[in-house]
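Colleague: I'll drop the sequence and a predicted model, then ask my questions.
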Amino acid sequence: MKKVLVLSLLAVFMLAGVSYGASITGVVESIDKEKGMFSVKDQKIEVGFDCNGSMIKEVHQGDSVKVEYSVEGTRAQATSVVKLGNQEKREITGTIHNIDKTKGVLVVQNKEIEVGFDCSGTPLNDFKVGDKVFVSYIVENGREIAQHIKRKI
């Protein structure tokens, strides 16, 4: 219901020629620096942008960015592009403290810390609470995302 209302309002703004501003935080999916065009994908949508080519001079495909933009008609014009930094790779060895296979969430604890992981891209069917595991992961936009999970024996 809420999504239909938002889409209806966007359609009214586009038909009326009204411009509005918004922002998106996500990963650069494609980029054409010569044409000053790029697209950013978050967890739900992908948005394509026109921009001044100098805004994306230091941006590459796969980078995490926050884009402020305005929409006029059917065109999204980037007004600022901020690179959020590289994904930091990390590792932890510990015991599975909690696991939710349907939500793709895993909590691993060792003597020093407890870390909750987004495992939406990693199958968890072979693991259970109490298993000792090694997890390699990245930190992206403040979230720990598991890249590889291996049972320790």
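Modeller: Right, received. Where do you want to start?
Colleague: low pLDDT regions in this structure?
Modeller: Applying pLDDT under 70 to the chain flags the ranges 1-20, 85-88, 141-142.
Colleague: Which residue ranges make up each domain of it?
Modeller: Following automatic domain parsing, the chain resolves into domains at 2-83, 88-151.
Colleague: okay, the ones you listed in JSON lines with mean neighbour count next?
Modeller: For every residue, glycine as well, the C-beta is placed using N, CA and C. Putting the domains of the chain into JSON lines (neighbours: other C-beta atoms under 10 Å) gives the following:
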{"stretch": "domain 2-83", "mean neighbour count": "14"}
{"stretch": "domain 88-151", "mean neighbour count": "14"}
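Colleague: my read is residue 124 is in a strand, agree?
Modeller: No: read with DSSP: H, G, I helix; E, B strand; the rest coil, residue 124 is coil and lies in no strand.
Colleague: what about the closest residue to it other than its chain neighbours, distance to residue 129?
Modeller: The spatial neighbour of residue 124 that comes closest, neighbours along the chain excluded (C-beta to C-beta, 6 or more residues apart in numbering), is residue 101 at 4.7 Å. Distance, residue 101 to residue 129, using C-beta to C-beta, to the nearest Å: 11 Å.
Colleague: do the same with residue 68
Modeller: In terms of C-beta to C-beta, residue 68 sits 43 Å off from residue 129.
Colleague: So which residues of the protein form strands?
Modeller: Counting by DSSP state E, the chain has strands at residues 19-32, 37-41, 46-50, 64-72, 75-83, 88-100, 105-109, 114-118, 132-140, 143-151.
Colleague: so residue 63 touches residue 27, yeah?
Modeller: Yes: Residue 63 is within contact range of residue 27, at 7.1 Å (criterion: C-beta atoms under 8 Å).
Colleague: Is it correct that residue 109 is in contact with residue 94?
Modeller: Yes: in terms of C-beta under 8 Å, residue 109 counts as a neighbour of residue 94; the distance is 5.2 Å.
Colleague: any common contacting residues for those two?
Modeller: Shared contacts of residue 109 and residue 94 (C-beta atoms under 8 Å, 6 or more residues apart in numbering): residue 115.
Colleague: Run a quick check on residue 42 versus residue 28, I expect a contact.
Modeller: No: taking contacts as C-beta under 8 Å, residue 42 lies outside contact range of residue 28: 11.3 Å.
Colleague: List the beta-bridge partners for the closest residue to residue 49 other than its chain neighbours.
Modeller: In this structure, residue 49 finds its nearest non-sequential neighbour in residue 78, 4.3 Å apart by C-beta to C-beta, 6+ apart. Bridge pairing for residue 78 (DSSP bridges) gives the partners residue 69.
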